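J.: Here's a sequence, model it:
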Amino acid sequence: MMIPACRLADLPRGEAYRLDVDPPVSVFHTDDGGLFAIDDTCTHQDASLADGWLEGCEVECPLHASKFDLRTGAVDSPPAKLPVRTHEVVVEDGMIHVRLSLEAPNLPPCIAARLAPGAA
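T.: Predicted coordinates for the structure are as follows:
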């Protein structure tokens, strides 16, 4: 599924835009002009990666400093152990669109436990 995110002109380099989908997705515009989309929630604990620190093609989680590679979703620094999903970014007529991955997300334990069948 392809969803519109925001206008490219409205997302400055070095910033992120959070999409309120389930689970949330963030689009990052790197300092060198790259556009990347990943799941917004850190796989270690419930924290928004859009609120983290962007450096090159990595984002650092604001909670416990796990780092994720925006190109692959891989964990570059613990305590997170699982990668985040990546999503395709397409720019058409100045509008950023995200094509959501069909893979299952890696949710942090606190969210996964809450969503598990039979959880109260």
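
J.: CA atoms of stretch 82-92 as CSV?
T.: C-alpha atoms of stretch 82-92 as CSV (Å, rounded to 0.1, in the frame of the first residue of the first chain):
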residue,chain,number,x,y,z
LEU,A,82,16.1,-6.7,16.4
PRO,A,83,16.0,-4.6,13.2
VAL,A,84,13.2,-2.2,12.3
ARG,A,85,11.4,-2.7,9.0
THR,A,86,12.3,-0.5,6.1
HIS,A,87,9.8,0.9,3.6
GLU,A,88,10.1,2.2,0.0
VAL,A,89,10.1,6.0,-0.5
VAL,A,90,8.8,7.5,-3.7
VAL,A,91,8.7,11.2,-4.6
GLU,A,92,6.1,12.2,-7.2
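
J.: Going by neighbour count, which residues of that stretch are buried?
T.: 83, 84, 85, 86, 87, 89 (16 or more other Cβ atoms under 10 Å). (Glycine included, C-beta is placed from N, CA and C.)

J.: again, but for stretch 105-118
T.: 105, 106, 107, 108.

J.: Tabulate the residues you listed in TSV, adding columns for distance to residue 78 and pLDDT.
T.: Output for the buried residues of stretch 105-118, formatted as TSV (distance: Cβ to Cβ, whole Å; pLDDT from 0 to 100):
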residue	distance to residue 78	pLDDT
105	19	94
106	14	93
107	17	88
108	14	89
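
J.: Let me see the backbone angles for the closest residue to residue 45 other than its chain neighbours.
T.: Closest residue to residue 45 apart from its sequence neighbours, by Cβ to Cβ, 6 or more residues apart in numbering: residue 108 at 5.0 Å. According to degrees, to the nearest 10, the main-chain angles of residue 108 amount to phi -70, psi 150.

J.: how far away is residue 108 from residue 69?
T.: 18 Å (Cβ to Cβ, to the nearest Å).

J.: Please name the residues that touch the residue nearest to residue 45.
T.: 41, 42, 43, 44, 45, 46 (Cβ atoms under 8 Å, 6 or more residues apart in numbering).
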